[in-house]
Structures are given as structure tokens and as C-alpha cells.
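**Student:** I'll drop the sequence and a predicted model, then ask my questions.
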Amino acid sequence: SARGTPVPALLCQVLGGKVKKPGKRGRKPAKIDLKAKLERSRQSARECRARKKLRYQYLEELVSSRERAICALREELEMYKQWCMAMDQGKIPSEIKALLTGEEQSKAQQNSTKLAKAGKTETHSNNPW
């Protein structure tokens, strides 16, 4: 170029009137055996189909487990709806009574355990004061 900046090779090729595709330099590889190439292609297709089959199996199992989880949650929701309807009518469902009495009993046990532990530490103390 007139200013002294290098001109890209591709531009020179176009300006020279001959359009060449820029490609890899060096020797071209020997012709690959077509039968071997075809067999590699078939093997690749078989592997791809096997991967696809496994993927679909995995997805079907995933969907199935999610559907089972949804069913369980729907049953639980229905139970809670029944409890709410009963409480709206002034009735306390037996399951809620059991939960409440169970919580009260566990709290009482925790308190008595804490008191017993506190009493033991006081009686076994070696401090004379």
C-alpha cells in the first residue's frame, strides 16, 4: 500500500483477480477410506441414539417421581382443607387434638428434665459457699 501499512493476504488475493478461499496451509491429508468413514458415522449415530434413549428414560422417571410427589401433596392439602372446614363449624379434629396434647406433653417432659438436671448440678457441686 502507499502508506507502508501491510495489506491482508485475503485482500491481495481478491485484488489480484483470483478469489481463493483462505484455508489451512500444508499438505492435504490422504483420502480417508470411505468405508471406514461411513462406519464411524454409523457408530456415532448408534451412540447418539443410545444417549437419547437413556436421557428419555431418566426424564420419564423424573416426571413420574414428581407426579407421585404432587399426588401426596394434594392428599395432604385435602386433609388440611377438611380440618379447616371442621374448625369453621366449631369442631376440633382429633388429629389436631393429638398434635396439641403431644406438644404439651413434650414441653412438660422437657421442663421436668431441665429442672432435674438443674437440681443435680446444685446437689453435686463441690463449692462450699
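**Tutor:** Yep, it's here. Note that the coordinates shown come from a computational prediction; the quantities given were computed from them, not determined experimentally.

**Student:** List the buried residues of the helix or strand containing Glu95.
**Tutor:** Using DSSP states H and E, Glu95 falls within helix 94-123. Buried positions in helix 94-123, judged by neighbour count with 16 or more other Cβ atoms under 10 Å: none. Yep, even glycine has a C-beta here, placed from its N, CA and C like the rest.

**Student:** list the helices and strands it packs on?
**Tutor:** helix 34-88 (3 or more Cβ pairs under 8 Å, 6 or more residues apart in numbering; DSSP states H and E).

**Student:** Okay, angle between the helix holding Glu95 and helix 34-88 too, please.
**Tutor:** 90 degrees (axes from the mean of the first three to the mean of the last three Cα atoms, to 10 degrees).

**Student:** how far away is the residue nearest to Gln82 when sequence neighbours are not counted from Lys117?
**Tutor:** Distances taken as Cβ to Cβ, 6 or more residues apart in numbering put Pro93 closest to Gln82, at 7.5 Å, once the chain neighbours are dropped. Look at Pro93 and Lys117: by Cβ to Cβ, to the nearest Å, they are 36 Å apart.

**Student:** Phi and psi next, for Pro93.
**Tutor:** phi -60, psi 150 (degrees, to the nearest 10).

**Student:** Now do Ala86: how many residues are near it, please.
**Tutor:** Ala86: 15 surrounding residues under other Cβ atoms under 10 Å.

**Student:** Please apply the same query to Trp83.
**Tutor:** For Trp83, using other Cβ under 10 Å, the count is 15.

**Student:** Next: Pro93.
**Tutor:** For Pro93, using other Cβ under 10 Å, the count is 15.

**Student:** Having no further points to raise, I will conclude here.
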